[in-house]
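J.: Sequence plus the predicted model coming up.
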Amino acid sequence: MNAMADGLIGKPALQARLGFAPGLVLRMHGMRRSGNHAIASWLQRNAPDGRALFLNNCRRGADPLEAFASAEVNASRVRTSKAQANLSVFGPKVGDGGLFLFSYEDHSPVQDRPQKPLSGHFDTGLVDHEVLIYRSFLNWAASLTKKLERNQGFRVSRRISVILRTVDLYADLLGEVIDDSGSIAICYDRWMTNEGYRAERLGQLGFDVSDNGLGQVTRYGGGSSFQKDATQSDDLATDRRFVEMMQDPLYQAILQVAARDRALVARIRTLFPRDAEVLDRIAMENPIKAEVVL
């Protein structure tokens, strides 16, 4: 059904395209390797009776209902091509009042400009909450580096360029969190360790607490970069990733560059002061001793 062609706008148009009238619409933003999918799974489990449509990793600048990497209906994967062809086929399985959640990776509301809207011509006035997922810098950068190092098709120079570009986007996201412009921010580090924090965030989003556990490890992006065999999120040592990577030369290079980005470090200091202290110490060190090149 082409709701726009039928003259429908706003909520009736969205309902026609989805095949159900969502009770809550969430647009989620987070850097890759920040626990996005674990949190998306948790949100779906706490939707009314677990009823939810999740569109994962939507493409920037396109209509999210047409351009997404994968889809879940009531926490079960459905064929992406079929969902992109007609979401309304799956809508009755969710039912009126269910959750509609769609996500972006490596993008945030700061990039939502009038001439280049993040979600294309989708009416963002229908979004009840913008959700920002963020993670401590040292652990996030460690996980991202570990993930990219497995891609043997990338030369080291390409890996480091991808990481540094993503670090720049990470700084944008932290700026959004600090500015507190009405979005609901969820810190993955606190979410992993604090049941009360999880319950508080569910309340802010308008959910009743149905399942406040961490759930199973999702397989998006190959699952955990460090613990490939882990099945339960409780088993993940997500707060120690930087320790495991500290002797990695590529990770050290990323930290050397990041430590000299004073705007980035200032934002990290606001949210993760211990990470900023580490970066301060790194910035005071001379990364290359003169005798190596002379």
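T.: The structure has been received and is ready for your questions. The model shown is predicted, which means the values in this text are computed figures rather than measured ones. Residues are numbered from 1 along each chain as shown.

J.: Note down every partner strand of the host helix or strand of F100 and its orientation.
T.: F100 belongs to strand 99-105 when assigned by DSSP states H and E. Within its sheet, and counting by DSSP bridges, strand 99-105 is paired with strand 24-30 (parallel), strand 52-56 (parallel).

J.: in this structure, which spans are strands?
T.: For the chain, the strands defined by DSSP state E cover 24-30, 52-56, 70-73, 76-78, 99-105, 129-134, 184-187.

J.: Using JSON lines, lay out those together with mean pLDDT, distance to Q216 and mean neighbour count.
T.: Backbone N, C-alpha and C define where each C-beta goes, glycine included. Listed next are the strands of the chain as JSON lines, based on pLDDT from 0 to 100; distance: least, Cβ to Cβ, whole Å; neighbours: other Cβ atoms under 10 Å:
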{"stretch": "strand 24-30", "mean pLDDT": "97", "distance to Q216": "19", "mean neighbour count": "23"}
{"stretch": "strand 52-56", "mean pLDDT": "98", "distance to Q216": "15", "mean neighbour count": "24"}
{"stretch": "strand 70-73", "mean pLDDT": "96", "distance to Q216": "14", "mean neighbour count": "19"}
{"stretch": "strand 76-78", "mean pLDDT": "94", "distance to Q216": "13", "mean neighbour count": "13"}
{"stretch": "strand 99-105", "mean pLDDT": "97", "distance to Q216": "18", "mean neighbour count": "24"}
{"stretch": "strand 129-134", "mean pLDDT": "96", "distance to Q216": "18", "mean neighbour count": "22"}
{"stretch": "strand 184-187", "mean pLDDT": "97", "distance to Q216": "19", "mean neighbour count": "20"}
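
J.: In a markdown table: these, plus distance to G196.
T.: Formatted as a markdown table, those follow (distance: least, Cβ to Cβ, whole Å):
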| stretch | distance to G196 |
| --- | --- |
| strand 24-30 | 21 |
| strand 52-56 | 24 |
| strand 70-73 | 27 |
| strand 76-78 | 30 |
| strand 99-105 | 22 |
| strand 129-134 | 18 |
| strand 184-187 | 13 |
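
J.: how about the helices of the stretch 101-250 of the chain, start to end?
T.: 137-149, 156-179, 188-193, 195-205, 241-245, 249-259 (DSSP state H, counting those that start in this stretch).

J.: Most tightly packed of these?
T.: helix 137-149 (a mean of 23; mean count of other Cβ atoms under 10 Å).

J.: Give the rounded mean pLDDT of it.
T.: Helix 137-149 carries an average pLDDT of 91.

J.: Just give me the neighbour total for N86.
T.: N86 has 12 neighbours, counted by other Cβ atoms under 10 Å.

J.: where does it land on pLDDT?
T.: 94.

J.: mind listing what it touches?
T.: Under the criterion of Cβ atoms under 8 Å, 6 or more residues apart in numbering, N86 has no contact partners.

J.: Distance check, it against L169.
T.: With the distance defined as Cβ to Cβ, to the nearest Å, N86 ends up 33 Å from L169.

J.: among the strands of the chain, which is nearest Q15?
T.: Set against Q15 and scored by Cβ to Cβ, those come closest in strand 99-105, at 10.0 Å.

J.: gap between the closest one and the chain center?
T.: Mean-position distance between strand 99-105 and its chain equals 9 Å (Cα atoms, centre = their mean, to the nearest Å).

J.: which other residues reach it?
T.: With Cβ under 8 Å, 6+ apart as the criterion, strand 99-105 contacts 14, 18, 22-32, 36, 40, 43-44, 47-48, 51-58, 60, 64-65, 68, 118.

J.: contacting residues for V131?
T.: Contacts of V131 by Cβ under 8 Å, 6+ apart are 26-29, 183-186, 205.

J.: and stretch 282-294, average pLDDT?
T.: The average of the pLDDT scores along stretch 282-294 is 74.

J.: quick one: low-confidence parts of this protein?
T.: Filtered on pLDDT under 70, the chain yields the residue ranges 1-9, 217-239, 288, 290, 292-294.

J.: The same query, at a cut-off of 50, please.
T.: Within the chain, the stretches with pLDDT under 50 are 1, 3-5, 7, 220, 223-228, 230-233, 235-236.

J.: Tell me who's in contact with the residue lying closest to C187 once chain neighbours are set aside.
T.: Counting by Cβ to Cβ, 6 or more residues apart in numbering, the nearest residue to C187 once its immediate chain neighbours are dropped is Y134, at 5.9 Å. Going by Cβ under 8 Å, 6+ apart, Y134 touches 30-31, 34, 173-174, 177, 185-188, 271.

J.: Perfect, that will be all.
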